[in-house]
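with the sequence up front, the predicted model follows.
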Amino acid sequence: MVPVAPSFLSPFDVAPSTTHVVPEAANSTPVIVDYWRLIVRERRHLLVPVLLAALIALVVGLRTTPVYEATSSVTFESTKGPVSIQDVGGGLANVSVEDGASEFLETSDVALRVIRDLNLTSRPEFVASGPLQNLIADIRAAWSAKEPTTENQLEERALNYFHDHLKVVKVHQRPLVKVSFQSQDPQLAAAIVNQVPAAFIRADMDARYSATREADQWLNERLAQLKANLDRSEQALAEYRRVNGIVARDSDEGSDRQISILNQRLIDARGRLAAAQDAQKQASSSDWGRVMGTPAIANNPAVARARELQSGAEARLAELRSQMGEAHPQYRKAASELTQAQDDLRRQVEAARREIGGELEAARANERQIAASLAAARQTYQNLGSKEIAARQMEQEVQTNRQLYQTFLGRLREVTAAGDFVKPPARLVDPAQVPTSPVKPQLVLMTAIGALLGLLVGFFAIVLMDQIRNTLRRTDDVETKLGRPLLTAIPKLSGASTRKIARMQTLMPDSLYAEAIRTLATSVALAGMEKDMKVVAISSAMDDEGKTAVACNLAAALATTRRVLLLDADLRRPSVSAAMGLPPGTPGLVQLLTRRASLDQCIKSVRSSPLRVLPAGRAASNALDLLMSSRFDKLIAELKKHFDTIIIDCPPVQLVSDTLVLGRAASSMIFVARSDSTPLQVTRRALHRIDKAGIPVLGVALNAHDFAQADRFYGESSGYGHDYAYAYGRSGERRRSSGSRSSSVPTVTQVAPDTQTT
């Protein structure tokens, strides 16, 4: 009995087909676990860029000039006095920290004052050009004479450096600002942050002084104009009154004030009239709910009490209905009380409606009365003489000019007084101390970042190399990347086992290798139940993929239950003879097709095994002609009569076209692919050639598969352990206790004439 295959090697899904579609790339897109397994597999290669990048970062950090940071604390104080200088000219510090006063510490004016106070343009740290600027300067110097650096250029460089290294941070929920500066000189860093508040105070005082002088000059000019206007308007008024004999009157008693008051009263009366009309409209509605929603009715005390009585009667009636029923005397009494409450509510609503109507009539009468008074006042005002009106207008002009003059005169006095004393807007509360330890470079952080960058570079490198290599490394790659059924996964051998790999099925029947071959034999047997499987071709894309070893072992596995012939059709590089231990010069297929040997002379048997072997013989340069001859077709037809299964070891598909010719005689083909060896594109092209030739492919045998590595890096498993396979194989040996199989290495003898075709 053939052992049952593991789940992932199950042959029951085998369905021979001549048309296969390779799954789209999306179906094989790597997931996170695949990347993790790739990292684990290539961890040694990944460690090199990580260590190299970390070492480079560490060396760069050690060679970098240390940078020190000093910090001082500054507080801002209100400078609001009797007059705000900002109202007339501006200033730097008339705002609080919350309003953004700390931003003034970072202005170019303050920075330039500090640069000049400390002579920072004389320090190379502040005026040195960057690598790009030096390169541009060298290029320009090569084409023209080098121009000396001006003082303005030095200040511009120092200013840019100053802004890049100055940091102003507001302290949360406190009227403090932290001023920090980074420099290669720790003493200079402390001096700069202590000098910034002083420079800011001087800049603010200069701005205040300038604003005061400008405001004073502007106010004096404006005041002179206003004084002239006031004098002219007073003289014109006096002359007009003298000529026309008009006596001055108090403007508060004028008709214009009376008209203004009446006009405002009319507006109020019309508003009350509109409200009364709206209330009357709602109260007159036929919708009882809308009537009850009228504010004048809803807020009426009598209506409110009636509604409360009605609500109480309704609640009592509902309670009696649920407790005693409608036939009970108390229920009928409660119903009568509810009716009385409803009637009382209607009476109160009608009374409220009448009150609303009365208020409406009163509002109309009041509006008509005020309108009449306003019309009379306007008529009186129009009856005034044009001379009196003109005099009043002139009086208003005089009053306006006088008010403007007095306002500006008072502002001029305030500005003059404010300019005599300026309170400092800021104060240094915590001077900076000279730092003792640098803040840059941070060797640990730089090394960690370098290691991280090395890790990323190494990761992308191994991913790229993994994609470039792109081989079959997992068992499910056969289906996901090739679109073919996996017949079996044959384990990779090492050491002494590789020298006898072609006879593993006979020499080590209890091994995992033999178990995988039996799984392949099961696939062939099951496929033979559905179609003719007398001739099975075995090929691969390239050489050295193990197709000959697979063919030899598959033939040995099938020979235990049927008549099997192993045919070596690789006439250019025959290898079955050496693999099966045949002596050199043994005649084979080439001699048979060229009529130099008979079939009896070419077919060999393996002692202690029913397997028959037809070797290739010597290599032939005209292999394709021999395989395309009619004699080869007749030979295959003759062999079918005497053997249940013929296993043909074919040449690699990508190297020669012999396999495509042999495929005509085969019922199906088993494609052997070496695990993690042949590029995927080469394997796909080989299968494409086979499909194009119309050769049905039973499936793919994944050869030399490293199960230990697949289990460690891809989470795969062979499906059963060594102990299980050994026990299973030993039970099979007990069933074969007849002694037909010898434990010694089998020898090859010539087939007797009477047993060649049996």
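Sure, I can see it. Residues are numbered from 1 along each chain as shown.

what about the stretch 301-450 of the chain, any weak spots by pLDDT?
Where the stretch 301-450 of the chain drops to pLDDT under 70, the residues are 380-389, 392-393, 408, 411-424.

residue 553 sits in which helix or strand?
helix 547-558 (DSSP states H and E).

buried ones in that helix, by neighbour count?
547, 548, 549, 550, 551, 552, 553, 554, 555, 556, 557, 558 (16 or more other CB atoms under 10 Å). Where you see a C-beta, it was placed from the backbone N, CA and C, and this is true even at glycine.

mind putting those into CSV with pLDDT and distance to residue 518?
Shown next, in CSV, are those (pLDDT from 0 to 100; distance: CB to CB, whole Å):
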residue, pLDDT, distance to residue 518
547, 93, 18
548, 92, 18
549, 92, 15
550, 94, 12
551, 94, 15
552, 92, 14
553, 92, 9
554, 94, 9
555, 93, 13
556, 91, 10
557, 92, 5
558, 93, 10
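
re the thing from before, which helices and strands does the helix holding residue 553 pack with?
Contacts defined by 3 or more CB pairs under 8 Å, 6 or more residues apart in numbering; DSSP states H and E place helix 547-558 against helix 504-507, helix 512-528, strand 535-540, strand 564-568, helix 576-579, strand 645-649, strand 668-674, strand 697-705.

so for the longest one, what gets flagged as buried?
Within helix 512-528, the residues scored as buried using 16+ other CB under 10 Å are 512-525, 527-528.

how far off centre is that helix?
48 Å (CA atoms, centre = their mean, to the nearest Å).

quick check: which helices or strands does that helix pack against?
Against helix 512-528 (3+ CB pairs under 8 Å, 6+ apart) you get strand 486-491, helix 504-507, helix 547-558, strand 668-674, strand 697-705, helix 722-735.

repeat that with 10 Å
strand 486-491, helix 504-507, strand 535-540, helix 547-558, strand 645-649, strand 668-674, strand 697-705, helix 722-735 (3 or more CB pairs under 10 Å, 6 or more residues apart in numbering; DSSP states H and E).

please apply the same query to the last one.
In terms of contacts (3+ CB pairs under 10 Å, 6+ apart), strand 697-705 is packed against helix 477-482, strand 486-491, helix 512-528, strand 535-540, helix 547-558, strand 668-674, helix 680-692.

what about it, distance to the chain center?
On CA atoms, centre = their mean, the centre of strand 697-705 falls 40 Å from that of its chain.

before we move on, back to that, select, out of the helices and strands packed on helix 512-528, the one closest to residue 174.
Proximity to residue 174 (CB to CB) singles out strand 697-705 among the helices and strands packed on helix 512-528, at 69.4 Å.

send the alpha carbons of that closest one over as PDB?
C-alpha atoms of strand 697-705 as PDB (Å, rounded to 0.1, in the frame of the first residue of the first chain):
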ATOM      1  CA  VAL A 697       1.400  18.800 -17.500                       C
ATOM      2  CA  LEU A 698       0.300  16.700 -14.600                       C
ATOM      3  CA  GLY A 699       1.900  19.000 -12.100                       C
ATOM      4  CA  VAL A 700       5.200  20.200 -10.500                       C
ATOM      5  CA  ALA A 701       7.500  18.300  -8.300                       C
ATOM      6  CA  LEU A 702       9.400  20.700  -6.100                       C
ATOM      7  CA  ASN A 703      12.800  19.100  -5.700                       C
ATOM      8  CA  ALA A 704      15.600  19.700  -3.100                       C
ATOM      9  CA  HIS A 705      13.200  21.600  -0.800                       C
END
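
what's the separation between residue 309 and residue 294?
To residue 294, residue 309 is 20 Å away according to CB to CB, to the nearest Å.

and the closest residue to residue 338 other than its chain neighbours, what element?
Closest residue in space to residue 338, ignoring its immediate chain neighbours: residue 313 at 3.9 Å, by CB to CB, 6 or more residues apart in numbering. In this assignment (DSSP H and E), residue 313 forms part of helix 301-323.

quick one: list the elements packing against that helix.
Counting by 3+ CB pairs under 10 Å, 6+ apart, helix 301-323 packs on helix 295-298, helix 329-383.

so can I have a markdown table of the ones you listed showing distance to residue 159?
Listed next are the helices and strands packed on helix 301-323 as a markdown table, based on distance: least, CB to CB, whole Å:
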| stretch | distance to residue 159 |
| --- | --- |
| helix 295-298 | 70 |
| helix 329-383 | 69 |
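
rewinding a little: of all the helices and strands packed on strand 697-705, which one is nearest residue 614?
Taking the helices and strands packed on strand 697-705 one by one with CB to CB, helix 547-558 is closest: 10.7 Å.

dump the residue contacts of the nearest residue to residue 649 once chain neighbours are set aside.
Among residues not flanking residue 649 along the chain, residue 551 sits closest, at 4.2 Å (CB to CB, 6+ apart). Listed by CB atoms under 10 Å, 6 or more residues apart in numbering, the contact set of residue 551 reads 502, 536-539, 566-570, 575-576, 579, 647-650, 670, 672.
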